[in-house]
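Chemist: fold the following and give me the result.
(12 chains)
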There are 12 protein chains.
Amino acid sequence: MKILLINGPNLNLLGTREPEIYGKKTLDDIEKELTKFAQQNNINLECFQSNHEGEIVDKIQDSVSIIQGILINAGAFTHTSISIRDALIGSKIPFVELHISNIFSREEFRKESFLTDKAIGIISGFGISSYSLALDGIIKYLQNN
Amino acid sequence: MKILLINGPNLNLLGTREPEIYGKKTLDDIEKELTKFAQQNNINLECFQSNHEGEIVDKIQDSVSIIQGILINAGAFTHTSISIRDALIGSKIPFVELHISNIFSREEFRKESFLTDKAIGIISGFGISSYSLALDGIIKYLQNN
Amino acid sequence: MKILLINGPNLNLLGTREPEIYGKKTLDDIEKELTKFAQQNNINLECFQSNHEGEIVDKIQDSVSIIQGILINAGAFTHTSISIRDALIGSKIPFVELHISNIFSREEFRKESFLTDKAIGIISGFGISSYSLALDGIIKYLQNN
Amino acid sequence: MKILLINGPNLNLLGTREPEIYGKKTLDDIEKELTKFAQQNNINLECFQSNHEGEIVDKIQDSVSIIQGILINAGAFTHTSISIRDALIGSKIPFVELHISNIFSREEFRKESFLTDKAIGIISGFGISSYSLALDGIIKYLQNN
Amino acid sequence: MKILLINGPNLNLLGTREPEIYGKKTLDDIEKELTKFAQQNNINLECFQSNHEGEIVDKIQDSVSIIQGILINAGAFTHTSISIRDALIGSKIPFVELHISNIFSREEFRKESFLTDKAIGIISGFGISSYSLALDGIIKYLQNN
Amino acid sequence: MKILLINGPNLNLLGTREPEIYGKKTLDDIEKELTKFAQQNNINLECFQSNHEGEIVDKIQDSVSIIQGILINAGAFTHTSISIRDALIGSKIPFVELHISNIFSREEFRKESFLTDKAIGIISGFGISSYSLALDGIIKYLQNN
Amino acid sequence: MKILLINGPNLNLLGTREPEIYGKKTLDDIEKELTKFAQQNNINLECFQSNHEGEIVDKIQDSVSIIQGILINAGAFTHTSISIRDALIGSKIPFVELHISNIFSREEFRKESFLTDKAIGIISGFGISSYSLALDGIIKYLQNN
Amino acid sequence: MKILLINGPNLNLLGTREPEIYGKKTLDDIEKELTKFAQQNNINLECFQSNHEGEIVDKIQDSVSIIQGILINAGAFTHTSISIRDALIGSKIPFVELHISNIFSREEFRKESFLTDKAIGIISGFGISSYSLALDGIIKYLQNN
Amino acid sequence: MKILLINGPNLNLLGTREPEIYGKKTLDDIEKELTKFAQQNNINLECFQSNHEGEIVDKIQDSVSIIQGILINAGAFTHTSISIRDALIGSKIPFVELHISNIFSREEFRKESFLTDKAIGIISGFGISSYSLALDGIIKYLQNN
Amino acid sequence: MKILLINGPNLNLLGTREPEIYGKKTLDDIEKELTKFAQQNNINLECFQSNHEGEIVDKIQDSVSIIQGILINAGAFTHTSISIRDALIGSKIPFVELHISNIFSREEFRKESFLTDKAIGIISGFGISSYSLALDGIIKYLQNN
Amino acid sequence: MKILLINGPNLNLLGTREPEIYGKKTLDDIEKELTKFAQQNNINLECFQSNHEGEIVDKIQDSVSIIQGILINAGAFTHTSISIRDALIGSKIPFVELHISNIFSREEFRKESFLTDKAIGIISGFGISSYSLALDGIIKYLQNN
Amino acid sequence: MKILLINGPNLNLLGTREPEIYGKKTLDDIEKELTKFAQQNNINLECFQSNHEGEIVDKIQDSVSIIQGILINAGAFTHTSISIRDALIGSKIPFVELHISNIFSREEFRKESFLTDKAIGIISGFGISSYSLALDGIIKYLQNN
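Modeler: Residues are numbered from 1 along each chain as shown, chains lettered A, B, ... in the order given. Coordinates of the predicted model:
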């Protein structure tokens, strides 16, 4: 079983800025820990990050019949990209939407998501723990479906 | 460490209706499994369910200085109860908002929550797995704060 | 065949106030007349009133597999209670929404109902005659379905 | 006592289409049954249908001092015709608004009615039984006023 | 002359939390002071608090012909309870709406009140002094009407 | 201690029109009574009225370091003057917003106020008693802050 | 010079109903007086009334190159008929929109007009005097353009 | 009989700017012509213009028991001044709202008026002829009331 | 195969007005050309135009089991007629919505259509070529379905 | 004459997914057929697809003075890309907006387009026939302009 | 060349309050510096401040044919004064709208301006440097137009 | 000190199109002039343009600790890119938002900006002079902070 983790724009800088808020773990650290946790569950985790909407669409398209589940922290694209929404729907791959911060306690425009109603579930606000919760969530989903 | 699980209106009927959708596990089953999982983490889990808004407010008020974290699936009250919101804020106990179904792919009025912006995190859509994910989430939160 | 009549908050005072508007019939009078009319149709009518949202939810939950149809004048809860909506949907018992006054010619907020789109029908504005019309309506519905 | 039944656009086709949904009774059948029911109550029922808004306005104008009550299923005109509203108000004849289907569980634009706030009552959703309920409702109204 | 003071949900905790903001006076202290002030004006003050909407409705219903004026700090119910609104209107007892904090400088949803347009007056923002101002206000109102 | 009472447009006519509604007391009467009440509390009350927005702004600017508290019945300017709002904020003088009538039971546009969220408190609906309640309110505020 | 007066739905009943409000003059009386006033200004006035939107459109279409100005009291069609708007624009005949009552002090939906922004002017609220004012207005317009 | 003509901000410049649009007549010319026309109807016309909202309010207040009717072209204040609205209502003097241009075919914000719903009538769009039409309208109104 | 072309209000004047914009072809010319093009595809084209909403509804009702596809340029009725929408849905005949001009670059209210979501397709903006494109479109649709 | 066909994100997968809905034709098949059809009309068709908004903007910029007309199925970018809108306007090349599905019968957010009001025409809902209709439409447009 | 600087309400207090935020420069200091900077560009700068909307309108009217450009920091009037908007448009003098603070990061109501769409440009947020930038901007504008 | 100038989509074509509106200066010309002006102030100006949102995000990320201030004309991305907003906030580099045209006098959707509330200032409408004003503005800002 193979799962794809997608991180959207600006998430490549995790850990290098505002460590007092987001902690000192870089995206690389997070990806490594998550990969290890996946392996313990006999899951192959592929990690992908891009600041380019088109590259994320390309990546989702390329995942069909290779990937069984997607974890996506689309960052700013959550609120603006119908294109990623369409790619996810078109791929028919179940996905979990996750956010590090609680998007409901920030600016008004972050409350609207083009992904949520099509996600199997949403996890938001647990800091970098959101990643492992999301991975756990999709594993449980795939085991039951 | 003691954690309180609150289930709101109509959740007492879990497992007895529409088993093809929600599965055959009753609320009692869920609470037992969750309690066991909590014990493995040296956590004392208290479970509470009510169809009465006032009783939930009373319960939250009584939890101060006894409870370190709250998991709340407020059901319909999520979208209508400022009273529970105020009780949670007043208690200063960190809480996780959870939902069995994906509330963002249902009726329009279920997209508004009086709890979310004050929750440490939200988990929605993972079926009854939302409960264990939420418990895991609050444990991780309490360990880091 | 057994039908349940639910009256929501403040309807217990029918007939005791503003008789020039609502007439002199008390809720008790209405319930008796309706029960008699039901019996003539070989229907067992159970009557229930509460000012407490939670009690109405409890009552609906307890009606499953006992009651074949519900008449509900939810009063103020019509416009505020998603909890009663969920209980009614969960019970799968067909229900008629009724109102004594014409709710569409009153305050703006009374035009929104959390029940209507799930009701088999709505009757509003016929004074206390709304009760017998509603009973007649659900009988006809149950005979045809 | 004379009562007028007005059916608006497309209701002339009742019974000839989608019998699995609306039943096999034609508008003619409904009008006959309703006329018989009216006669049993010593009421003279006049039936009128038109696809033309102007003809309905003409008919209402002609009813003054001849008709004591109006039953109107204005169909699509419910949501678009201020002209019929004005004719009804101008006639000072009490009227009941009725609908075969539950207009609150259909398209958003069917939730607005130009008639409702001026009707003595509304009945919606009981299939063709809505007609007899409406007739019963206006009879009760006229007896009490 | 008898006046009823109603306090809604979470107000039972006044003085026990955040004393730096709300002061150290408990609800009991406030009620005692207010009762004394009332007695000086030959008024019998009855005090009532509940976290349950239904109990507040019951209390208002029971006040008819016993109570000449109501002071109500409905807390969260201010913004959600049409049921309490209906009970107050139905009782025909003049009432003053009061709030400890300035509800207009808090969350957007606290700006809407189901009570205000039917109150004789509103007092908001004076801390616990809002109670004595409200009592003074209703006394002046009752003396002039 | 010196307090300023500001009355906005059209309030100079109090008592001369519609005495059956507003009573026979003129603005002059009100100001005299209030001044006397203030003196009993060792407060110097200055009274000011204008139909000109600019003059009210000038007056507030001139009050800095002279006046300790402001009572303002801004009348129509309540809903239209950001300029007075800015002057009040800029002055850093605590102020109470007051209204003779209940502004929440009048036209829709009177529900919006440019002052309220910056006021220490609001008093509305007590007739001319609103003035003395407001004065009492600001005295209590100044004593506690 | 020839001017066309168009009256929309329900205006044929002027003078026969509610004479205490609208006066005793019938539409026929008004048309005769207006025709006389027109003749004094060497204007040929044609009068037309219909309850049918389509007939009004037909009439406007037939007026091209025959009529120099239109007075239209479209009644209810003012707020619902884009078809009449299009006919008027297409005809390129200057027109005055008139209303007997003040449409801005009635129901909310009467504040929107599909005609106003294309009219040379609007006259509303002067009772039946609105007709002669409108005729006077279009004469002045035609003399100056 | 005495009538007051009020012109609001920027209307003092009529005739001096954009004569190709508004014509070459100055406000002075208009006032003189209108005065003559008034005299022919045995009416004393007083003319007043101000760019200051407060002065217009003062003027209206001073008109009570001297003036029988007001013609007001409030210009920009039409859309922003609740203060003038209150002065007009308080004066109980019937008034006509008039505009030179068609305010409904200009910017969106010019469609809202704080005066219209309280005016006896509105005249808009007839160029400077709007003044004489308005005068004619109020004369007819005063003759009939 | 028989196809019906419906043209709504004011389209009977095509070609006779503003030829510099819409060209010199009359509706008759267009209908003839379209009929010829239809014949080349072995299709019988029936043409119908009316300024009366009711007549269009009648026509659609009469088309059932005679007509296989409808082309409709409903003109102004596009934005106001739920009655035509209902007739089209009720007829179960597939239809194409067409417009000569680009309705999305005109007045705001022309952006809403009561037909579009039920049409098999929409064509807008190609001048009179919209007719032949629509005919081509429905032929292709009928060949594939 | 040279025409450019632009396909936006996710349209590269046409024909490879959900063939029961979209048919088995791939984007390549469609482009080939369309090219052949273009050649029959002596038109050189260039085909371009990208999942990257920026690449589409680049392509449009590069088309100036080379391309006479654009067919664009912008997919998800239709509703989110002001950048493509600006590029199209800046290029001054006439364009047709096309969609395979009927965008008006899908999610609410697909009803808004940043392109439509600047397109010469729109074609939506004809399946892959939308492409040939659009090509036909722009050819007719270019022949007439 | 002569340029007019207009400062609206409360800006006369610049530098005397909250120097830690706005700096210690008074309006007088700013005007002097700006005048010097203007002189270096051979421009005569006139400075004007008022808390009275009417005085600002008067001033703009008096500037016609004397002033070539206006810099206006209308303060609170930016968001409420259509009267100043009309005066500026009527004067045909090009103007720059400027603000000391960033009005887009303050209260919601400060985002709407009645001036902006008619200004040649807007400068907001640069502290008192906004003044010199605005002066520089209008000089550049006047040199190029 | 180093400052980065970012130009968004379609701005690479400045000067090559519509020279009668935007002038004949190309983006290259503007960048050169601005660079020279920067050098006179001892500032190193780096210029960057892209039609690709992702590239602009990359560029901003790469600027941290190299660049002291950013001038950004994000063009269409101003209104659609939360991604660029997040990059700018994350970078903690102060930035000025600038526009060549007055974005407040164009389409409605151009009035919303995802950048403005986080910018130190905004400059809009001065043609290509907006660039030098923005540079001047940020220099003044950096000197004072």
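Chemist: show me the contacts for A:Asn7.
Modeler: When contacts are counted by CB atoms under 8 Å, 6 or more residues apart in numbering or on different chains, A:Asn7 touches A:27, A:47-50, A:73, A:75. Quick note: C-beta positions are derived from backbone N, CA and C, even for glycine.
Chemist: of those, which is the nearest to E:Tyr141?
Modeler: For these, the residue nearest E:Tyr141 by CB to CB is A:Gly75; the value is 56.6 Å.
Chemist: so what's the closest one closest to, chain neighbours aside?
Modeler: Closest residue to A:Gly75 apart from its sequence neighbours, by CB to CB, 6 or more residues apart in numbering or on different chains: A:Gly8 at 3.6 Å.
Chemist: quick one: mean pLDDT over the lengthiest helix in chain A.
Modeler: In chain A, with assignment by DSSP state H, the single longest helix is helix A:129-144. Mean per-residue pLDDT for helix A:129-144: 96.
Chemist: same for that helix, what does it pack against?
Modeler: For helix A:129-144, the packing partners by 3 or more CB pairs under 8 Å, 6 or more residues apart in numbering or on different chains; DSSP states H and E come out as strand A:2-7, helix A:27-40, strand A:69-73, strand A:95-99, strand A:121-124, strand B:121-124, helix B:129-144.
Chemist: could you tell me the angle between that helix and helix B:129-144?
Modeler: Relative orientation of helix A:129-144 and helix B:129-144, computed by axes from the mean of the first three to the mean of the last three CA atoms, to 10 degrees: 150 degrees.
Chemist: how about helix A:129-144: buried residues?
Modeler: If you call a residue buried by 16 or more other CB atoms under 10 Å in any protein chain shown, then helix A:129-144 has these buried ones: A:129-141.
Chemist: ok, the residues you listed vs chain H, which is closest?
Modeler: A:Ser130 (43.7 Å; CB to the nearest CB).
Chemist: okay, the closest residue to chain F within chain A: pLDDT?
Modeler: Using CB to the nearest CB, the single residue of chain A nearest to chain F is A:Glu108, 17.8 Å away. Turning to A:Glu108, the model gives it a pLDDT of 93.
Chemist: over to A:Glu18?
Modeler: Looking at A:Glu18, the pLDDT reads 72.
Chemist: need the contact list for the residue of chain A closest to chain F.
Modeler: Not one residue lies near A:Glu108 by CB under 8 Å, 6+ apart.
Chemist: ok, it to A:His79 distance?
Modeler: Going from A:Glu108 to A:His79 by CB to CB, to the nearest Å gives 10 Å.
Chemist: contacting residues for A:Leu88?
Modeler: A:60, A:70, A:72, A:95, A:115, A:118.
Chemist: hmm, 6 Å instead?
Modeler: A:Leu88 sits next to A:Phe95 when contact means CB atoms under 6 Å, 6 or more residues apart in numbering or on different chains.
Chemist: which parts of the helix or strand that contains it are buried?
Modeler: Element membership of A:Leu88 [criterion: DSSP states H and E] is helix A:82-91. The neighbour-count check on helix A:82-91 (16+ other CB under 10 Å) flags A:82-88, A:90-91 as buried.
Chemist: list the residues that contact the residue located most distally from the centre of chain A.
Modeler: Here chain A reaches farthest from its C-alpha mean at A:Glu20, the gap being 22.7 Å by CA atoms, centre = their mean. By CB under 6 Å, 6+ apart, no residues touch A:Glu20.
Chemist: try A:His52
Modeler: Applying CB under 6 Å, 6+ apart, the residues near A:His52 are L:Gly54.
Chemist: ok, A:Phe95 next?
Modeler: A:70, A:72, A:88, A:119.
Chemist: of the residues you listed, buried ones?
Modeler: Buried, going by 16+ other CB under 10 Å: A:70, A:72, A:88, A:119, out of the contacts of A:Phe95.
Chemist: between the helix holding A:Leu88 and strand A:2-7, how many degrees?
Modeler: Using the same axes, to 10 degrees: helix A:82-91 against strand A:2-7 is 170 degrees.
Chemist: in space, what's closest to the closest residue to chain I within chain A - neighbours in sequence excluded?
Modeler: Per CB to the nearest CB, A:Ile82 is where chain A lies closest to chain I, at 18.6 Å. Nearest residue to A:Ile82, sequence neighbours excluded (CB to CB, 6+ apart): J:Ala76, at 3.8 Å.
Chemist: what about that neighbour, how many neighbours?
Modeler: J:Ala76 sits with 25 neighbouring residues when counted by other CB atoms under 10 Å in any protein chain shown.
Chemist: again, but for the one 5 residues further on
Modeler: Here the neighbour count serves as a burial measure; for J:Ser81 (other CB under 10 Å) it reads 29.
Chemist: ok, A:Asn145 next?
Modeler: Neighbours of A:Asn145 (other CB under 10 Å): 9.
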